[in-house]
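Q: Sequence and computational prediction follow.
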Amino acid sequence: MASLDQKSPNVLLQSLCCRITGKSEAEVAHQFQYAVRVIGSNYAPTIERDEFLVSEKIKKEMLRQRREADAALFSELHRKLQTQGILKHRWSVLYLLLSLSEDPRKPSGRVGNYGALFAQALPRDAHSTPFYCTRPQSLALGYGERSAALSGSVGTSGISSLGVYTLNGPTPTPQSLLAGQPPQSAAAGTQSLGSRLAWTLPISSSPSTIMAPPTTRPSLCPQVPTTRAVRPHRDGDPASEVSEAALVRDILFVFQGIDGKFVKMNAQDNCYKIDNKVVVCKSLRDISSRLAELGWLHNKVRKYTDARTLDRAFGLVGQSFCASLHQELKEYYRLLSVLHSQLQVEDEQGVNMCTESSLTLRRLLVWMYDPKVRLKTLAALVDFCQGRKGGELASAVHAYGKTGDPQMRALVQHILSLVSHPILNFLYRWIYDGELEDTYHEFFVASDPNVKTDRLWHDKYSLRKSMIPSFITMDQARKVLLIGKSINFLHQVCHDRTPPGKITPASKPADTPKDAAELLSDLEGAFQEKIDAAYFDTSKYLLDVLNRNYLLLEHLQAMRRYLLLGQGDFIRHLMDLLKPELARPATTLYQHNLTGILETAVRATNAQFDNAEILKRLDVRLLEVSPGDTGWDVFSLDYHVDGPIATVFTRECMGHYLRVFNFLWRAKRMEYTLTDIWKGQMCNAKLLKTMPELSGVLHQCHILASEMVHFIHQMQYYITFEVLECLWDELWNKLQQAQDLDHIIAAHDVFLDTIISRCLLDNNSRSLLNQLRAIFDQIIEFQNAQDSLYRSALEELALRLQFEEKKQQREEEGEWGVTAEQEAAEKRRIQEFQETIPKMQSELRILTHFYQSIVQQFLVLLMTSPDESLRFLSFRLDFNEHYRAREPRLRASLGTTRGRRVSNI
């Protein structure tokens, strides 16, 4: 048992203390307790555990001291130690040797007085997080040979950082907080806390030596003149002056938002301040007021986090923001714990305020400068983020990162990486799985659960523009919306069961804030590539499904052929078959009869070779009947759409197609009517040569018919070639270049809107359309007038021929051709017919005048139209200036337009 006890760690540690100090076991009790606390603490070196590197440093140190033989011996011993494998922690042993050899106060050649090694206790508020050594920026950096390595190993993201900042470093401890500690080097920064604390004490362990300031460095504490004695503050003595030590203790409490004995929160001024009744010198009062601002800033940030942490409606982004503030406050508290530990050590040892190792207000002002700047940033950020959530909150944080201060920018970037992490998770779930789990409406993609499946693409998903983070562009947000919308459209509307992973391979999501920070640092690179890859893959797959499985482009071509009258042979044959039916009153039509005629026209023309899927959707539709309507007024072709293609051919689009079809059908009817008029004139011209009294009225009919034919031909050319064919070519080119379904829908909508506008069917062209319909009505009136004229003329011609035949027949029989009574009756009848001719001529003149006046008004409206194509149409309609010579307004409009066009050129 005795041998086991002698090998226990406590016994060995006590023996080591005795060997180092040269004292007995009873005299090293204090040192032994200190050593136990050092070993039992969680402090660890902050450098990489590299055995080779430490051994090389030892050899270089020996070579620097010109101990080449010792360096060779050390190298051989180290090699043998590695081969034996007796020690598991060889690096720790080598590091201890290196640390001891680098002690600048160790006399060369012998072990000095190590009594001061254990003269100071560890801070009671020890933390497991290793501390990085740094220095206040106002202090000179000693040990120049180590200064180059220090800046590379120092960094923090905490509020207590005093030196260089990085994104995710632990909190540094101010170097001067450790009493008597010299400025640290890279090597010292890698030592354990116990070793660094050992250096903070003077060589001698006597109280007088401990209390004396070192001579190697001037004191930071203001020198108090020996002729002035400071009266310590006594309780109950209001006239006594408050000591700086009492103010330091109060300030440390104020840093945490707790009222001190002298420094308290003033509700009226909303700040921490020393009561005016308290006696304290002006300089200390001013410094205390400046330091107390940290308490006010701390309270502002803490109040925000406490209020929002329990608010579930604040959402994941808001909770991440609160977590980032908590993290910064945690680092701030870590610094305060070190300050409290230092103050407690001074109380236990009775350190005077004027020694170099003591805490003073001036030192606190220096050490707390950077934490104060960071707290100010956090407080301003809290003010700016009030009332914001989700992507709007991320935009507010991102806006604060646009600063030239690298420390502030690093802080904001660190907070932004935490805040944007939930948003990026939302984004990846949406673009790779099509899932939207946004309980608190934080994501910039919104979903409406009340929208039915047939309106999924148009209405179910939309962008919340206020929630789009400022670091995501509108183009990226639109692509993100389209990606997830395409996945849901494929699953719910197209019933495509292909897993999203096969449509686009999922890349690595932002699992941690660090991944989010990496993405945010390369928004135009890796992040843009991920969005573009998912966008192109998903959109291409969706368009392939629509074209391959649902014949989207074939349906679009069918609309062009049938509803826009592009299938000429079919339309002409259909009109021929429908003419007898459509001439009847609209109330006498039956849809099944018209459907049968439609099927007959399909079988008799090239339309029979179309896809059966397309032909079965073609149907007849009768519009609402008004009094006096004929079949021509209510007949219309219809095309049934459903399923995914209904997303492109919406009800609004089909309504536009119906309006355009009715317009084109009426224009085609005018062309068909004028063809019949021309055929009637050509067929009856020779027959009516025997009636010279009709030459004038027939000439008048030919002239009016020629005017109408010219007008309708020019209108048909304009509609067919300048409108339909040109717009169809543009649409087809856009469809071939379309990258997503939205591009197809947008191109199709532009196609229809432009047709509606150029065919005079929009609200701006209502007056033009009314004039054009009046012209169409005059053509129908002219057809009726000419038919009546020819009917009367042909009847008269038939009676005259009949009279001549009877006369000739009776002459052949040897009788008189006619009697006087018959001849008189014949002359009377001819006289009556000839008397009707002026009436017909007057009717035609009235019809001609009315038609020409309407055309002139139509031309005036065309000339004043903002559409250039309509103005050019007016030039073709009046190519010989026939109407311009008759209408003064047309001359003025034409001259104005020409002048304006010349001036524009």
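A: Happy to help now that I have it. Predicted, not measured: the structure shown is a model, and the values here were computed from it.

Q: Might you report the residue contacts of Val723?
A: Thr754, Ile755, Arg758, Cys759, Ser869 (CB atoms under 8 Å, 6 or more residues apart in numbering). (Each C-beta comes from the backbone N, C-alpha and C, glycine too.)

Q: Let me know how buried Phe536 is, in neighbour terms.
A: 15 (other CB atoms under 10 Å).

Q: ChimeraX command for the buried members of the contacts of Val723?
A: One line in ChimeraX is enough to select the buried ones among those; burial here means 16 or more other CB atoms under 10 Å:
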select :754,755,758,759
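
Q: What are the contacting residues of stretch 381-389?
A: Residues outside stretch 381-389 that contact it (CB under 8 Å, 6+ apart): 300-301, 304, 314-315, 317-318, 321, 325, 393, 396-397, 399-400, 412, 415, 440, 442.

Q: Filter these down to the buried ones.
A: By 16+ other CB under 10 Å, the contacts of stretch 381-389 give 300-301, 304, 314-315, 317-318, 321, 325, 393, 396-397, 400, 412, 415, 440, 442 as buried.

Q: Take the residues you listed and keep only those in helices.
A: Using DSSP state H, the members of the buried ones among the contacts of stretch 381-389 that fall in helices are 300-301, 304, 315, 317-318, 321, 325, 393, 396-397, 400, 412, 415.

Q: wait, which of those residues is closest to Leu87?
A: Nearest to Leu87 among those: Ile415, at 45.1 Å, using CB to CB.

Q: So the closest residue to the closest one other than its chain neighbours versus Gly318, what's the distance?
A: Closest residue to Ile415 apart from its sequence neighbours, by CB to CB, 6 or more residues apart in numbering: Ser324 at 4.4 Å. According to CB to CB, to the nearest Å, Ser324 and Gly318 sit 11 Å apart.

Q: How about the secondary structure of Leu637?
A: With DSSP: H, G, I helix; E, B strand; the rest coil as the basis, Leu637 sits in strand.

Q: Can you get me a residue count around it?
A: With neighbours defined by other CB under 10 Å, the count for Leu637 comes to 20.

Q: Next: Tyr851.
A: Tyr851: 21 neighbours (other CB under 10 Å).

Q: try Phe751
A: Per other CB under 10 Å, the neighbour tally for Phe751 reads 22.

Q: now the one 10 residues further on
A: As a burial measure, the neighbour count of Leu761 was computed by other CB under 10 Å and equals 17.

Q: re earlier: out of the contacts of Val723, what pair is the most spread apart?
A: Ile755 and Ser869, at 12.1 Å, using CB to CB across those.

Q: and the residue located most distally from the centre of the chain, which of the three is it?
A: Distance to the chain centre peaks in the chain at Gly814, reaching 106.5 Å (criterion: CA atoms, centre = their mean). What three-state DSSP gives for Gly814 is coil.

Q: ditto for Lys277
A: Recorded secondary structure, Lys277: coil (three-state DSSP).

Q: Any idea how many residues pack against it?
A: Lys277, neighbours per other CB under 10 Å, totals 7.

Q: after the helix or strand encompassing Val254, next one along is what?
A: Element membership for Val254 (DSSP states H and E) is helix 244-255. For helix 244-255, the following helix or strand on the C-terminal side (DSSP H and E) is strand 263-266.

Q: So what touches that following strand?
A: 247, 250-251, 253-254, 259, 271-275, 288, 292, 295.

Q: next one: stretch 536-554
A: Contact with stretch 536-554 is made by 431, 482-483, 486-487, 489-490, 494, 496, 498, 503-504, 611, 613-614, 643-645, 648, 735, 738-741, 744, as judged by CB under 8 Å, 6+ apart.

Q: Stretch 725-740 now?
A: 482, 486, 535-536, 539-540, 542-543, 553, 556, 560, 743-744, 747-748, 750-751, 754-755, 758.

Q: could you redo the last one with a cut-off of 7 Å?
A: Residues from elsewhere that reach stretch 725-740 (CB atoms under 7 Å, 6 or more residues apart in numbering): Leu482, Ser539, Leu553, Arg560, Ile744, Ala747, His748, Phe751, Thr754, Ile755.

Q: how about it: buried residues?
A: Residues of stretch 725-740 classed as buried by neighbour count (16+ other CB under 10 Å): Leu727, Trp728, Leu731, Trp732, Lys734, Leu735, Ala738, Asp740.

Q: Now do the second one against Leu735, distance only.
A: Shown here: Trp728 relative to Leu735, a distance of 10 Å by CB to CB.

Q: cool, and the first one?
A: As judged by CB to CB, Leu727 and Leu735 stand 12 Å apart.

Q: Restricting the selection to alpha carbons, write stretch 783-803 to PDB.
A: These are the backbone C-alpha positions of stretch 783-803, laid out as PDB (Å, rounded to 0.1, in the frame of the first residue of the first chain):
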ATOM      1  CA  GLN A 783     -75.300  42.900-101.400                       C
ATOM      2  CA  ASN A 784     -79.000  43.000-100.700                       C
ATOM      3  CA  ALA A 785     -79.500  46.100-102.900                       C
ATOM      4  CA  GLN A 786     -77.700  44.500-105.800                       C
ATOM      5  CA  ASP A 787     -79.600  41.200-105.400                       C
ATOM      6  CA  SER A 788     -82.800  43.200-105.400                       C
ATOM      7  CA  LEU A 789     -81.700  45.100-108.600                       C
ATOM      8  CA  TYR A 790     -80.700  41.900-110.400                       C
ATOM      9  CA  ARG A 791     -83.800  40.200-109.300                       C
ATOM     10  CA  SER A 792     -86.000  42.900-110.700                       C
ATOM     11  CA  ALA A 793     -83.900  43.200-113.900                       C
ATOM     12  CA  LEU A 794     -83.900  39.500-114.500                       C
ATOM     13  CA  GLU A 795     -87.700  39.400-114.000                       C
ATOM     14  CA  GLU A 796     -88.100  42.200-116.500                       C
ATOM     15  CA  LEU A 797     -85.700  40.500-118.900                       C
ATOM     16  CA  ALA A 798     -87.600  37.300-118.600                       C
ATOM     17  CA  LEU A 799     -91.000  39.100-119.300                       C
ATOM     18  CA  ARG A 800     -89.500  40.800-122.300                       C
ATOM     19  CA  LEU A 801     -88.100  37.600-123.700                       C
ATOM     20  CA  GLN A 802     -91.400  35.900-123.100                       C
ATOM     21  CA  PHE A 803     -93.200  38.700-124.900                       C
END
